[in-house]
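A.B. asks: generate coordinates for the sequence data below:
(8 chains)
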There are 8 protein chains.
Amino acid sequence: MSYTIYLSGEIHTSWREQIKQGILENQLDIEVLSPITDHDSSDNVGSEILGAEQNNFWKDHKAAKINALRTNSYISRSDIVIIKFGDKYKQWNAAFDAGIAAGLGIPTIIMHTPDLTHPLKEVDAAAQAVTETPEQVIEILKYISQA
Amino acid sequence: MSYTIYLSGEIHTSWREQIKQGILENQLDIEVLSPITDHDSSDNVGSEILGAEQNNFWKDHKAAKINALRTNSYISRSDIVIIKFGDKYKQWNAAFDAGIAAGLGIPTIIMHTPDLTHPLKEVDAAAQAVTETPEQVIEILKYISQA
Amino acid sequence: MSYTIYLSGEIHTSWREQIKQGILENQLDIEVLSPITDHDSSDNVGSEILGAEQNNFWKDHKAAKINALRTNSYISRSDIVIIKFGDKYKQWNAAFDAGIAAGLGIPTIIMHTPDLTHPLKEVDAAAQAVTETPEQVIEILKYISQA
Amino acid sequence: MSYTIYLSGEIHTSWREQIKQGILENQLDIEVLSPITDHDSSDNVGSEILGAEQNNFWKDHKAAKINALRTNSYISRSDIVIIKFGDKYKQWNAAFDAGIAAGLGIPTIIMHTPDLTHPLKEVDAAAQAVTETPEQVIEILKYISQA
Amino acid sequence: MSYTIYLSGEIHTSWREQIKQGILENQLDIEVLSPITDHDSSDNVGSEILGAEQNNFWKDHKAAKINALRTNSYISRSDIVIIKFGDKYKQWNAAFDAGIAAGLGIPTIIMHTPDLTHPLKEVDAAAQAVTETPEQVIEILKYISQA
Amino acid sequence: MSYTIYLSGEIHTSWREQIKQGILENQLDIEVLSPITDHDSSDNVGSEILGAEQNNFWKDHKAAKINALRTNSYISRSDIVIIKFGDKYKQWNAAFDAGIAAGLGIPTIIMHTPDLTHPLKEVDAAAQAVTETPEQVIEILKYISQA
Amino acid sequence: MSYTIYLSGEIHTSWREQIKQGILENQLDIEVLSPITDHDSSDNVGSEILGAEQNNFWKDHKAAKINALRTNSYISRSDIVIIKFGDKYKQWNAAFDAGIAAGLGIPTIIMHTPDLTHPLKEVDAAAQAVTETPEQVIEILKYISQA
Amino acid sequence: MSYTIYLSGEIHTSWREQIKQGILENQLDIEVLSPITDHDSSDNVGSEILGAEQNNFWKDHKAAKINALRTNSYISRSDIVIIKFGDKYKQWNAAFDAGIAAGLGIPTIIMHTPDLTHPLKEVDAAAQAVTETPEQVIEILKYISQA
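C.D. replies: This next block holds a predicted model:
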């Protein structure tokens, strides 16, 4: 039986493509959902569609709410939420997505390098698996997708 | 009618005490819940009670899960979760708490300085109020507590 | 056993006071919750606590969200939500509260004059009782509060 | 991945057709649900199927309940509820639908002209986006539907 | 720790009083909730408070909805719903209450004589205990209330 | 968009076939679910599959629980539960199904002759429509199924 | 209408194959979900994908959590959970799965020989049917799958 | 703020008394709930109150259901469920309680000796802490109860 997964977090590396490629190569019956990963488009969508704002707070506010229409809808439909943390940027939205999944009772797989273990301990403690590489995520997906 | 609030986030400033003091001075009927804010105690509780670990991952894991017994229980009983972000440390657990509250449908008040607006836009967008100071939080609590 | 009721809607007549008085006179074990009914205070709370806005949309937005901290918390704790519609103003927030109660599965008692029957038919159809006067509401509360 | 949307509110303009047309032209994978928008049919369905009533209250009551079989079923299946307010009629049912969506935790997009900002502030404050035109709604749907 | 119980069903025998007496004599920490058991008052409450109806259907409708304000509120607060069936009257409301409890996940204790076993098999199958006498109910309440 | 309906209650008349026929003739996109309507098979399924019982209570108990596997699964998947009451038999299981639907928040359409109005007032009061004939049910289904 | 079933418990006999065969032979519209039943693979998956552990507790921990990604996802999608207990091994995970189903409100069919009746009485008491053989399970599935 | 805990599992050692004593000595604001721990009373309650059964299955069935009235009510009110496994008896009911807590989203603390780690890996993997002694449980309760 198929799974639906949502890929949250880091947008400046190719980890999403690697996971999609692994799913394809292994012919797994898994639907992959993702946020908008075009950084500029995501930042500006609010003012571009709904009108400019003088105050950056409201510009960000309108964009974040439109993005949440997609993000929250996709998270709530997923069987598993996979979240990648990196050392660049604050990535509070990644931890926020992990919390939403926890609050909804949806299991998570976290991906990060070992140097981030301490600041991510609360997020990791609520996860079903803590991985370092896309290959490990693919192996888990293969394992749980066996007939 | 009384409210129960949970104060999540930053532990190295006195913002929790300021809010408690404001509640006291204004005689508000509000119960205040907080995480364990002693940093060392919170980091070591797992190994101290359940036994030492060679691998720091598991030391953190055990501690984070014991802390979650308190944190998650308190968040789920709260009417409002108030979360303070600062520029020190990564504070992914603060964003994680905000996400849990969102997933459970519990409203949040976020507190941070304006320079953090952009990285916190998703967290702010899901909040009922974004504040900069404990005084503003106290004013909101006073306002919603009127007879 | 006691009930908790929330009184939503019209703020420029004395219906809330009449219901509270009836509860007092009949010594009913009923806790009464209400929104902030001071119109100016309610309209300006956002800009007064969180800072002025050039755009009225955001001024209203910030005020409405702070008011919702109280309103939604009170509605979700109530056993019954009582909503009064009048012919002044649009009172979309009253119908919005009725919808929130319906979405949460909390029963409602609606109060309005017969000339509003047609535009309120959807709201009335989801209610447990449609009344015209505070006296009728008090009679219902007396009836369901018998030992 | 597809979305299901419900179009609530104003029935005497062509906004629903414009949104459907935009979805078609942009080949978006979106299912569109709507209430019965034939005004007479919707008003009379109760007495026509279930028998005439002397009292208009019960005529309206029976019609509103049959309409709610469709309306509530459709709202609860939707990923997003889009609600259009106009200046004609009281449109309490539109605000009621917005409240039901809020109570069920389903996100909303609101559409209205700026002169309605103040009376709609509570409804807008709970929405993910506040728009003025069908074009803006279509732009949002296009944006969140990107591969 | 205390229990809250709701006593549904048959209103023309003294079974409620016997259970209350047993709780009193055994000093059990149990709160007892009941519907309005005055038959006339319960039948007429709608027309008496909200106005007379020519059609008995609406007279019954208004009364049943006011009674449901109490009944449903009490059932949803209960730890256990106890329902007594007799051979008089159709008692569809008793089976309806049993269904509401089942739909809400609240356990039931059913009371009836053995000759009603076959028509009540679906209701009994969903119950935690099927009893014949108030004494048996009291024994169960004593047993589960031990320190 | 399609509906799923469950037809509960009376098994010795042809009302289910009439509704199915009406759905077919009107080409409505409605999936129809029903309980096992073979009376003997339904009564004996427990002892036939799981072994005979000396005590009729347990014979009924085992049968009712197997039937509930189908009944409850079907009710919980339905958009609308339609329940027919007749004057034969006690039909407590029909009222029980109506209660389960109410407890789960699933709307109901009730069907019965006017002489049953008084004993069914609680069940009717929680319904979206009270009908007398299969034709009326078909009319409602046609109405809510319009494009 | 189809059912989805999950087959939990005993992995060293052929009961799952027998049930699948029975479903096939009777052409039942039933989707069958199962855990990973390769014992070694299931025990070692954590260390094989995520890295070796010195402490067996953490080896087991990582494996159990990955298995839970599949198990919990499958249980929560099922209409019925079927659980087989044997006298070999402790099979606490089978009882744990039965509890998860109970907590989620998903009905269960239990399978075991009569000598296990006493230690399984709590698990059996929450089940819809207690069987001894795969044939009985198939008979139940045939019965509830009738057109 | 206080916690409510439920102590499930092993009934032939004094672990419950040790935890209660520790709570008393440390003046923790914790309410302790337990099942009936008198083995004979618990086994026979069904037949003693509701009548003897020839078949032991039904004797156990009636007893287990009455015990579940207490057990399930207490588990669902708890903030934390603490479950002790021993090597005597099969203790499937302890694993069943752990599953119910997991299904309801209530956190658990598990207690057992290290030799039971492998058969309890699924239960442990879903727990917030795995302990060996009552002293460890008391330390955790002291830690999370700090002001």
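A.B. asks: what's around A:Y89, how many residues?
C.D. replies: 14 (other CB atoms under 10 Å in any protein chain shown). (C-beta placed from N, C-alpha, C; glycine too.)
A.B. asks: could you find the closest non-adjacent residue to it?
C.D. replies: Sequence neighbours aside, B:P119 is the residue nearest to A:Y89 in space, at 6.8 Å (criterion: CB to CB, 6 or more residues apart in numbering or on different chains).
A.B. asks: can you tell me how far that neighbour sits from chain H?
C.D. replies: 30 Å (CB to the nearest CB, to the nearest Å).
A.B. asks: likewise for A:I36?
C.D. replies: 31 Å.
A.B. asks: then A:A101?
C.D. replies: Taking CB to the nearest CB, one finds A:A101 at 13 Å from chain H.
A.B. asks: got phi/psi on the nearest residue to that residue once chain neighbours are set aside?
C.D. replies: Nearest-residue entry for A:A101: A:V81, 4.2 Å, with adjacent residues in sequence omitted and distances by CB to CB, 6+ apart. A:V81 adopts backbone torsions of phi -110, psi 130, taken as degrees, to the nearest 10.
A.B. asks: who does A:V81 bridge with?
C.D. replies: Under the criterion DSSP bridges, A:V81 forms beta bridges with A:Y6, A:T108.
A.B. asks: before we move on, the earlier item: the residue nearest to A:Y89 reaches A:W92, doesn't it?
C.D. replies: Yes. Between B:P119 and A:W92 there is a contact at 5.6 Å, judged by CB atoms under 8 Å.
A.B. asks: look at these two and report which has more neighbours.
C.D. replies: A:W92 (24 against 18).
A.B. asks: just say helix, strand or coil for the spatially closest residue to the more buried one that is not a sequence neighbour.
C.D. replies: In space, A:W92 comes closest to B:A95 once its chain neighbours are excluded; the distance is 4.0 Å by CB to CB, 6+ apart. On the three-state scheme (DSSP: H, G, I helix; E, B strand; the rest coil), B:A95 is labelled helix.
A.B. asks: how many neighbours does B:A95 have?
C.D. replies: When neighbours are counted by other CB under 10 Å, B:A95 comes out with 31.
A.B. asks: ok, now which ones touch the closest residue to chain D within chain A?
C.D. replies: Chain A approaches chain D most closely through A:R70 (4.0 Å), counting by CB to the nearest CB. By CB atoms under 8 Å, 6 or more residues apart in numbering or on different chains, the residues touching A:R70 are A:35-36, D:144.
A.B. asks: what are the ranges of the helices in chain A?
C.D. replies: Using DSSP state H, the helices of chain A run over A:15-25, A:39-50, A:56-77, A:92-104, A:121-125, A:134-144.
A.B. asks: looking at these, which is closest to D:D60?
C.D. replies: helix A:56-77 (34.4 Å; CB to CB).
A.B. asks: and that closest one, how far out from the chain's middle?
C.D. replies: The chain centre lies 13 Å from the centre of helix A:56-77; the measure is CA atoms, centre = their mean, to the nearest Å.
A.B. asks: now swap in stretch A:13-32 and tell me
C.D. replies: 14 Å.
A.B. asks: touching chain G at all, that stretch?
C.D. replies: No. Applying CB under 8 Å from any CB of the partner chain, one finds stretch A:13-32 separated from chain G by no less than 11.8 Å.
A.B. asks: now the end-to-end length of that stretch.
C.D. replies: This stretch, stretch A:13-32, spans 17 Å end to end (CA to CA, to the nearest Å).
A.B. asks: how near is the closest residue to A:A63 other than its chain neighbours to C:K121?
C.D. replies: Nearest residue to A:A63 in three dimensions, chain neighbours excluded: A:G46, at 3.6 Å (CB to CB, 6+ apart). According to CB to CB, to the nearest Å, A:G46 stands 37 Å off from C:K121.
A.B. asks: for A:Q18, same thing?
C.D. replies: From A:Q18 over to C:K121 the distance is 56 Å, taken as CB to CB.
A.B. asks: give me the more crowded residue out of those two.
C.D. replies: Using other CB under 10 Å, the more surrounded residue of A:Q18 and C:K121 is C:K121, with 27 against 15.
A.B. asks: contacting residues around the more buried one?
C.D. replies: C:K121 neighbours (CB under 8 Å, 6+ apart): D:60-61, D:63-64, D:93.
A.B. asks: write out the residues of chain A neighbouring chain B.
C.D. replies: So chain A meets chain B at A:56-57, A:60-61, A:63-65, A:67-68, A:71, A:85, A:89-104, A:114, A:117-126, A:130 (CB under 8 Å from any CB).
A.B. asks: pull out the buried residues from those residues.
C.D. replies: Listed as buried from those are A:57, A:60-61, A:63-65, A:67-68, A:71, A:85, A:90-104, A:117-126, A:130; burial here means 16 or more other CB atoms under 10 Å in any protein chain shown.
A.B. asks: and the residue lying closest to A:K59 once chain neighbours are set aside, how far from chain H?
C.D. replies: With CB to CB, 6+ apart as the criterion, A:K59 has its nearest non-adjacent residue at 4.3 Å, and that residue is A:E53. As judged by CB to the nearest CB, A:E53 and chain H stand 39 Å apart.
A.B. asks: now do the same for A:E53: its pLDDT.
C.D. replies: We have a pLDDT of 96 for A:E53.
A.B. asks: quick check: it touching A:K62?
C.D. replies: Yes. Counting by CB under 8 Å, A:K62 is a contact partner of A:E53 at 7.0 Å.
A.B. asks: neighbour-wise, which of those two wins?
C.D. replies: The neighbour comparison of A:E53 against A:K62 (other CB under 10 Å) goes to A:K62, with 25 against 18.
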